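# the following comprises the amino acid sequence and a computationally predicted model.
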Amino acid sequence: MEPKVWREMGLTDEEYAKVKELMGREPNFLEIGVFSVMWSEHCSYKTSKPILKNFPTKGPQVLQGPGENAGIVDIGDNLAVVFKMESHNHPSAIEPYQGAATGVGGILRDVFTMGARPVAVLDALRFGPLDEGNNKYLFSGVVGGIGGYGNSIGIPTVGGDVYFHSSYSGNPLVNAMAVGLLEHRHIAKGVASGVGNPVMVVGARTGRDGIHGATFASVELSEESESKRSAVQVGDPFMEKLLMEACLELIQADALVGIQDMGAAGLTSSSSEMAGRGNSGIEMDLSLVPRRETGMTPYEIMLSESQERMLVVPKAGREKEVEEVLNRWGLEATVVGRVTGDGMLRLLEDGKMVAEIPVKALTEEAPVYHRPSREPQYYQELKGISMEGFKMKDSVENVLLALLANPTIASKEWVYRQYDHQVGTNTAVVPGGDAGVLRVRGTKKGIAMTTDCNSRYVYLDPYIGGALAVVEAAQNIACVGAKPLAITDCLNFGNPEKPEIFWQFEQACAGVAEACRVLETPVTGGNVSLYNETPGMAVYPTPMIGMIGLLEDLDLVLCNHIKTEGEQIYLLGELEGELAGSEYLAMFENLEAGALPELNLKNIKEILTFLLKLNGKGLLTAAHDISEGGLAVALAEMTVQYGASVNLETADKLKALFGERLGRILISTTKGNAAKIESLAHQAGVSLRHLGESGGKTLTIMVNGSKCLDVSLDKYRPVFERTIRNIMNSDN
Amino acid sequence: MKIGIVRFPGSNCEVDCLEAWRVAGEDPVMIWHQETSVKGYDLIVLPGGFSYGDYLRTGAIARFSPIMDDVIRFAKSGGLVWGICNGFQILTECGLLPGALLRNAGLHFICSPQYLRVERTDLAFTGEYRQGQIIQIPVNHGEGNYTVDDEGLARLKANNQIVFRYVTLEGEVTDQGNPNGSRENIAGIVNKEGNVLGMMPHPERVVEESIGGVDGKGMFISILKHWERRTQHGA
Amino acid sequence: MLKANVTVVLKKSILDPQGSAVEKALKSMKYPVESVRIGKFMEVTLAEADRGKAEEIMHEICRKLLSNPVIEDYSFELEG
Amino acid sequence: MLKANVTVVLKKSILDPQGSAVEKALKSMKYPVESVRIGKFMEVTLAEADRGKAEEIMHEICRKLLSNPVIEDYSFELEG
Ligand SMILES: Nc1ncnc2c1ncn2[C@@H]1O[C@H](COP(=O)(O)OP(=O)(O)O)[C@@H](O)[C@H]1O
Ligand SMILES: [Mg+2]
């Protein structure tokens, strides 16, 4: 075999040598193809494995940790939440609508193959600045695609987040998270076991789309990858809706031994992973796989990433039943092979063997790389830049209005108006709140969900920033009154072969792990997306966190804005933030620098626990965490209906109003409950400060007795609410 | 009351409708699109969703489902038929209601609470509301822009067939209150006889306070009371 | 076997916001564009060799399913 | 002034969910249909009298805005 062959498929010479050794002979073209996708970063995690193993993955609530199609956490009453997040960055860069749509389709399949009915989608998005036409085009297409798929299949998109930063120009991040609900007894797994059991392909027909998509996801976007554009697929939410109903019906009828979706690397990864988990083998005759196109080679059939397909191992004798259910939903199911006991992936074409590979060679023998890691030069440099001596650049009003008009901070209404966020009629907190909340029918419970990551923090200090991504998610969950349960993640980084990038990855994951340990939110699964680079630039390191929380009593759900006049507003946590890494510093000093505030996870945990305690007693009317833009922005968001007047005593107005520091939460309560809250805070030793009261149709802030802001609702509300819409409706 | 909800491939609000009826105290039956008879039902609901993916045009393919011939017969013989969102689109496609639903004027899908004015309360569907009452019911569609030609519009008006209009909070019929460009802010219409209603907004989404309001519940209660009155008179 | 190339466009009297949006975008990109209207294009392959019959079938299909006569006009050409 | 009739269709190897759904519907209605593929049809009126230039402009517009070359092919005819 010419070296060109395996190199073009993405295998290094060393990897090829290892393949040869494992096979005990020269592999043929098809076998090299199978190895190349299974050993791609996307499927094998060859670079990230050594790092990911440090995540805490256990806890009494965890029913299924990493390793399956999605994680599962217990929520009592014999019910469980299934959830997972995944990236579709590269396809979205090239065909934003379809790239994003198929991202949603893929993550939903991961959830319903576990036996769960999907109940919600979230989307975490990152784009370059909207003043560039191409970024606008990508933003618009991606949002359209997420809505296009989720709306049609009928699963509400209840949350997500969007940031804009130049590092994402041309390499947007599109991470989709799906959440499902199931009864414990219906948990399904991606295993192939029971020698002689049939193996079936169900759902859509196989076409030539997306061949080598997994490999494509594992390279930088460049001129060369442009030619791999065929790696983009068109999604068919209608087909997936039918497939979902059929699969859930089969799982509930207990007809299956195992089931797995065909995502990246299609039939190759689904068959080898299912056999791998079942310690078995699989034999398939590829000529039996239903095809959409004629003349497809075994290689193309194995590597196709056609969407809306599943690989299913029914219990022996029940293949007719599988066929019947699929047919009733207007879909096909075809027996293509069987489970064997010899641990081989054996592929035939018209009865003639065309490939034979030991399954474990594909799933367990993939090379593991301990990449060199090096602290980048920028790290100490930016950290060393002094944050002293900055003066407020403009009037408080102008600064506030400018921050509210920053697309990263401004309301994302333009986005979530395009998403059906209510279908299923379970959505108790719609997008625009701090976290989405769904009721759990038949119980008093609610589940909360959010996605978060401030990548500027991660860039400036990957360890602290990684931890803060988890903290912010936990804050958002707690602000709707839910207890944080567990996370999934999507680790978006640049090219890990560069030691500086690998350092970011290593540090950020360590921070995520530490925060998960302290906050008791184990990692139940996730996804790694490396090589997010355009020529010359890596994206800011973005370990996206998707978190799930539980409300024991949905009646106690909290919203993030005040709904009457005369409510008392308090601050939990410290008054002053820091300018390091703040939105203010970036906008007004054109500087992304500084040493982030010291991480104090224990303290943050105390604050969140206290918040939940207050809410458990029914003492709160609203809660909102302080994030980008600092206290003033959070106050504006919280009082967007009634206004407020607030008094602060501080030695540093700039840091108090616009500095950033996680672990600070605004809460509100009725006049009648104010004293009770104060005494509970005193007892618990938690820092609590009375700020003011809602009402008056203006936001008025006094600092040390003198008025520094008095802006009417009519002025700031439209800025917050309409900025993104105006940008998107404008012509350039 | 015997209520049937037709489930097309791609429907996705059929369970929401079922649950809403349960809140109102009824327990409907799901009717698979391949069935051929709706005999014995008192009301047929065509739910929201994306039947057949809404490919080609919304409702265009569903209209040829086996069940639809009998739904059309049922409607023509005076049976109550209620199409919500995709159901409305199917009703216009099959000619039970005039006009058509085009892509939203703003070209985007819209999911949003919307104020409606109740234009007619003498119908089986709306008896619980006051004439001119402003209610808040969410819309959720990409193609809800109702269009009808001048003649058709004149007929709708002459026969008093307009049931809901999109309005502002103050009840004004203006462009500002119109989410999708619908002609004369039309959100829902009935046939001349008053037994077939099509509407874009989703009343089944607002029947419980904990998930966003109760303004839609009146429609379910209206239908039940109408049916009770009728069966009492009939008996 | 015959192939029909069908085009379906909105009636002239009906606004075409999608076309207008594309028109606006092209104008803002400084292309010398007067107007844009957007419709659908469909390739239908028929298992029917007789042109006369095929034409009849296509009219029926177009009226019944491929277009909505309330808002759209269709036309087609047979090929092959 | 010239008019261009543009058709944009999904590349052959790309799944066409719309076409498949319509094809299935027509088959179940017992029409002798082999296959259906659905794309877009656009009428672009150009303020340009020179055919050569118009053609150039149309290629550019098609590539840049009217189609996404990753998944679609376009073709057009000039008229008038
Ligand atoms: N891409 C999105 N999809 C759905 N909802 C979104 C999206 N982006 C933002 N939202 C909604 O807006 C809310 C506020 O977003 P954001 O400004 O990122 O808040 P926070 O700082 O609290 O995370 C989110 O909690 C979510 O409900
Ligand atoms: Mg928040």
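Now that the structure is in, tell me what you want to look at. Ligands and ions are numbered 1, 2, ... in the order given.

# check which helix or strand B:Ile90 maps to.
Applying DSSP states H and E as the criterion places B:Ile90 in helix B:86-93.

# any weak-confidence spans in the chain?
In the absence of a named chain, this looks at chain A. A:212-231, A:732 (pLDDT under 70).

# I was after chain B.
Applying pLDDT under 70 to chain B flags residues B:234-235.

# quick one: A:Glu132 from D:Leu66, how far?
Applying C-beta to C-beta, to the nearest Å, one obtains 21 Å for the distance of A:Glu132 from D:Leu66. (C-beta placed from N, C-alpha, C; glycine too.)

# and the two? Which one has more around it.
D:Leu66 (23 against 15; other C-beta atoms under 10 Å in any protein chain shown).

# pLDDT score assigned to that one?
With respect to pLDDT, D:Leu66 scores 94.

# could I get the contacting residues of it?
By C-beta atoms under 8 Å, 6 or more residues apart in numbering or on different chains, the contact list for D:Leu66 reads C:Val22, D:Val6, D:Val8, D:Lys40, D:Met42, D:Val44, D:Tyr74.

# what is the burial count for residue 26?
You didn't pick a chain, so chain A it is. By other C-beta under 10 Å, 11 other residues sit near A:Glu26.

# chain C, not that one
Each residue near C:Leu26 was counted by other C-beta under 10 Å, and the total is 22.

# correct me, but it touches C:Val33?
Yes. Contact criterion C-beta atoms under 8 Å: C:Leu26 and C:Val33 qualify, at 4.4 Å.

# hey, what's in contact with both of these two?
Residues touching both C:Leu26 and C:Val33 (C-beta under 8 Å, 6+ apart): D:Val44, D:Ile61.

# centre of chain C to the edge, which residue is at the far end?
Largest separation from the mean C-alpha position in chain C: C:Lys30, at 27.4 Å (C-alpha atoms, centre = their mean).

# return the backbone torsion pair for that residue.
Phi and psi for C:Lys30, reported as degrees, to the nearest 10, are phi 70, psi 20.

# how about it, what does it touch?
C:Lys30 sits in contact with no residue, where contact means C-beta under 8 Å, 6+ apart.

# look at it and report its pLDDT.
The predicted local confidence for C:Lys30 is 91.

# that older thread, hmm, the next helix-or-strand element following the helix holding B:Ile90 in reach of chain A?
Using DSSP H and E, the helix or strand that follows helix B:86-93 in sequence is strand B:100-102. No. Strand B:100-102 lies out of reach of chain A by C-beta under 8 Å from any C-beta of the partner chain, never closer than 15.6 Å.

# quick check: next helix or strand after strand B:100-102?
Counting by DSSP H and E, the next helix or strand C-terminal to strand B:100-102 is strand B:110-118.

# what packs against that next one?
Taking 3 or more C-beta pairs under 8 Å, 6 or more residues apart in numbering or on different chains; DSSP states H and E as contact, the helices and strands that strand B:110-118 lies on are strand B:134-141, strand B:162-167, strand B:186-190.

# most tightly surrounded among the ones you listed?
strand B:186-190 (a mean of 26; mean count of other C-beta atoms under 10 Å in any protein chain shown).

# orientation of it relative to strand B:110-118 in degrees?
Comparing the axes of strand B:186-190 and strand B:110-118 via axes from the mean of the first three to the mean of the last three C-alpha atoms, to 10 degrees yields an angle of 60 degrees.

# specify the angle between strand B:186-190 and strand B:134-141 in degrees.
Going by the same axes, to 10 degrees, strand B:186-190 makes 100 degrees with strand B:134-141.

# mind putting the contacts of D:Leu66 in CSV, secondary structure, pLDDT and neighbour count included?
As requested, the contacts of D:Leu66 are exported to CSV (DSSP: H, G, I helix; E, B strand; the rest coil; pLDDT from 0 to 100; neighbours: other C-beta atoms under 10 Å in any protein chain shown):
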residue, secondary structure, pLDDT, neighbour count
C:Val22, helix, 93, 21
D:Val6, strand, 97, 22
D:Val8, strand, 96, 20
D:Lys40, strand, 96, 19
D:Met42, strand, 96, 25
D:Val44, strand, 96, 28
D:Tyr74, strand, 96, 20
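
# of those, closest to chain A?
Distance to chain A across the contacts of D:Leu66 (C-beta to the nearest C-beta) is lowest for C:Val22, with 12.5 Å.

# against chain D, how distant is the closest one?
7 Å (C-beta to the nearest C-beta, to the nearest Å).

# alpha carbons only: can I get the longest helix along chain B in CSV?
As assigned by DSSP state H, the longest helix anywhere in chain B is helix B:217-234. Output in CSV follows, covering the C-alpha atoms of helix B:217-234 (Å, rounded to 0.1, in the frame of the first residue of the first chain):
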residue,chain,number,x,y,z
LYS,B,217,-58.8,27.2,28.4
GLY,B,218,-62.0,29.0,27.5
MET,B,219,-62.0,27.4,24.1
PHE,B,220,-62.0,23.9,25.6
ILE,B,221,-64.7,24.8,28.1
SER,B,222,-66.8,26.5,25.3
ILE,B,223,-66.8,23.4,23.2
LEU,B,224,-67.8,21.2,26.2
LYS,B,225,-70.6,23.5,27.2
HIS,B,226,-71.8,23.7,23.7
TRP,B,227,-71.9,20.0,23.4
GLU,B,228,-73.7,19.6,26.7
ARG,B,229,-76.3,22.1,25.7
ARG,B,230,-76.8,20.3,22.4
THR,B,231,-77.1,16.9,23.9
GLN,B,232,-79.6,18.2,26.5
HIS,B,233,-81.7,19.7,23.8
GLY,B,234,-81.4,16.6,21.7
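
# which other helices and strands does it contact?
With contacts taken as 3+ C-beta pairs under 8 Å, 6+ apart, helix B:217-234 sits against helix B:14-23.

# show me the contacts for A:Val396.
Neighbour list for A:Val396: A:Ala632, A:Lys653, A:Leu657, A:Ile701, A:Cys708, A:Leu709 [criterion: C-beta under 8 Å, 6+ apart].

# what does A:Lys613 give?
By C-beta under 8 Å, 6+ apart, the contact set of A:Lys613 is A:Leu680, A:Ala684.

# return the member of the contacts of D:Leu66 nearest to ligand 1.
Among these, C:Val22 lies closest to ligand 1 (C-beta to the nearest ligand atom), at 25.7 Å.

# tell me who's in contact with that closest one.
Contacts here follow C-beta under 8 Å, 6+ apart; on that basis C:Val22 touches C:Val36, C:Ile38, D:Met42, D:Leu65, D:Leu66.

# any idea how far B:Gly99 is from it?
26 Å.

# right, I'll leave it there.
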